[in-house]
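**Q** dropping the sequence and predicted coords here.
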Amino acid sequence: MIVYPAIDIRGGKAVRLVEGDYDRETVFDADPVDAALRWAGNGAEWIHIVDLDGARDGKRLNASVIQRVRDAVDCKLQLGGGIRTMQDVDEVAGLGIDRIVIGSAAVTTPSLVTEAVQKLGTGVAVGLDARDGMLATQGWREQTDVRAVDAARRFAAEGVEHFIFTDIRRDGKLQGPNLEALQEMIESVPANVIASGGISSIEDIAAVNRLGAAGVIIGAALYHNRISLTDALSIAHQESGQ
């Protein structure tokens, strides 16, 4: 299982939100490059980046910061937030991003996912951000009546091989992941499911791995020093027998 330390960028800074609430923000690194270097130095193979300004407003204002992160580290980068058109996909790919995450647009413009997968294949993931099982969009401010599992099945049938499943009510709260919802998602699609939201302990990482998740994104627990990245990587490799 791959461990993805998270860097959420807003206004050029590395921050954390609680339940995606932009009014409940804590700044952890004035320069996200510092966070990236820290995670890379601790052995990260991948880093998960979210452009929060892009996710909320559809305007990718942090491209220069993301480019500096790309230039600073050798590990692979997964990026989401504000990717709404093929022009956005092409521009993000041009930054040297290894995997592009399409979130809100997967709901509003599902044809974008189809076109992006045809062009980039496994370099595309779909972000499924769910509140009580239903997808939310526009930086989690807009609630839909689309079941996350139904959307996953549809996109898997179109060739999507990577999904990032976030339980919004757990995100940033350090209360543990929603294992029941995660298990349903993993069992519903013949694809790699990356768990996100609520990871608070090494035990959570082990539990997610036992369910068969392909990866786990860790944010608040790392920034609040509840988990060390080296310990997280060790348990993920040990549990998966690597």
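**A** It's in. As the structure is a computational prediction, the values presented were derived from the model and not from experiment.

**Q** for residue 167, see how far away the closest residue to residue 127 other than its chain neighbours is.
**A** Excluding the flanking residues, the one nearest residue 127 by CB to CB, 6 or more residues apart in numbering is residue 103, at 3.6 Å. To be clear about C-beta, it is placed using only N, CA and C from the backbone, and glycine gets the same treatment. Residue 103 sits 14 Å away from residue 167, going by CB to CB, to the nearest Å.

**Q** please list the outside residues in contact with stretch 67-77.
**A** 7, 32-33, 36-37, 39-40, 44-47, 49, 95-99 (CB atoms under 8 Å, 6 or more residues apart in numbering).

**Q** restricted to buried residues, select those residues in ChimeraX.
**A** Isolation of the buried members of those (16 or more other CB atoms under 10 Å) is achieved in ChimeraX through the command below:
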select :7,32,33,36,39,40,44,46,47,49,95,97,99
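
**Q** of the contacts of stretch 67-77, which belong to helices?
**A** 32-33, 36-37, 39-40 (DSSP state H).

**Q** specify which member of the residues you listed is nearest to residue 87.
**A** Set against residue 87, the nearest of the ones in helices among the contacts of stretch 67-77 by CB to CB is residue 32 (23.7 Å).

**Q** show me what contacts the closest one?
**A** Counted by CB under 8 Å, 6+ apart, residue 32 has contacts 7, 9, 12-14, 49, 65-66, 68-69.

**Q** equivalent analysis for residue 181, please.
**A** 130, 133, 148, 165, 167.

**Q** and it, that one's in a helix?
**A** Yes: in this structure, residue 181 lies within a helix as judged by DSSP: H, G, I helix; E, B strand; the rest coil.

**Q** and the contacts of residue 181, which two are furthest apart?
**A** Between any two of these (CB to CB), the greatest distance is 10.8 Å, for 133 and 165.

**Q** hey, C-alpha coordinates of stretch 189-196 in PDB?
**A** Below are the C-alpha coordinates for stretch 189-196, written out as PDB (Å, rounded to 0.1, in the frame of the first residue of the first chain):
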ATOM      1  CA  VAL A 189     -14.900  -1.400  -8.300                       C
ATOM      2  CA  PRO A 190     -12.200  -3.400 -10.000                       C
ATOM      3  CA  ALA A 191      -9.700  -0.500  -9.500                       C
ATOM      4  CA  ASN A 192      -7.300   0.900  -7.000                       C
ATOM      5  CA  VAL A 193      -9.000   2.800  -4.200                       C
ATOM      6  CA  ILE A 194      -7.000   5.300  -2.200                       C
ATOM      7  CA  ALA A 195      -8.400   6.100   1.200                       C
ATOM      8  CA  SER A 196      -8.600   9.600   2.500                       C
END
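
**Q** just the buried residues of that stretch, please?
**A** Buried, per 16+ other CB under 10 Å, within stretch 189-196: 189, 191-196.

**Q** and for stretch 60-71?
**A** Result for stretch 60-71 [16+ other CB under 10 Å]: buried residues 60-62, 65-66, 68-70.
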